[in-house]
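Peer 1: Need coordinates for the below:
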Amino acid sequence: MPAFQDTLACRTRGTDTYEITREVAELVRRSGIRTGVASVFCPHTSCSLVLMENADPSARHDLQAWLDRLVPAHDRHFTHTLEGPDDMPSHIKMALTRSSETIPVHEGRLRLGTWQGLFLWEHRQAPHARELIVTVIGD
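Peer 2: As a prediction, this is how the structure comes out:
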């Protein structure tokens, strides 16, 4: 079964969701695979991936606000704070969310729902250079 793999570089400006649907779709197109799956893996411990509504940004803002309430910065119980007050919260947020997403590929395109988009979810406050691994497998 043919496989294709490439990396996707993403620069973040701090805590937020960054849509990467187009970039992943372009890698799927370049793969030449018509039917199969695309796997996106995030090899970082302070950001994650999320499939989320891409039409109304308020849905992502609400999700971010909810997770911030669940895992607040400056929690006095955290001991892993070497890189600042968002250090441990970013690791917990990553552990509670996803490091990879698998999306069906049909007729050479990502088969997402009408309002779905794929996002890199940066949990750190400072800008970061992130790298994602995209693997497409199929025929």
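Peer 1: Which positions in stretch 3-21 come out as buried?
Peer 2: 4, 8, 10, 12, 15, 17-18, 20-21 (16 or more other CB atoms under 10 Å). (Each C-beta comes from the backbone N, C-alpha and C, glycine too.)
Peer 1: ok, of these, which one's closest to Pro57?
Peer 2: Closest approach to Pro57 among the buried residues of stretch 3-21 (CB to CB): Thr17, at 8.3 Å.
Peer 1: Could you list the alpha-carbon positions for the helix or strand where the closest one lies in PDB?
Peer 2: Taking DSSP states H and E as the definition, Thr17 sits inside strand 16-19. Output in PDB follows, covering the C-alpha atoms of strand 16-19 (Å, rounded to 0.1, in the frame of the first residue of the first chain):
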ATOM      1  CA  ASP A  16      -4.900  30.100  20.200                       C
ATOM      2  CA  THR A  17      -6.200  27.700  17.500                       C
ATOM      3  CA  TYR A  18      -4.500  27.900  14.100                       C
ATOM      4  CA  GLU A  19      -6.400  26.300  11.200                       C
END
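Peer 1: So which other helices or strands are in contact with it?
Peer 2: Applying 3 or more CB pairs under 8 Å, 6 or more residues apart in numbering; DSSP states H and E, we find strand 16-19 packed against helix 57-70, strand 116-122.
Peer 1: Can you list the strands that it pairs with?
Peer 2: Strands adjacent to strand 16-19 in the sheet, as given by DSSP bridges, are strand 116-122 (antiparallel).
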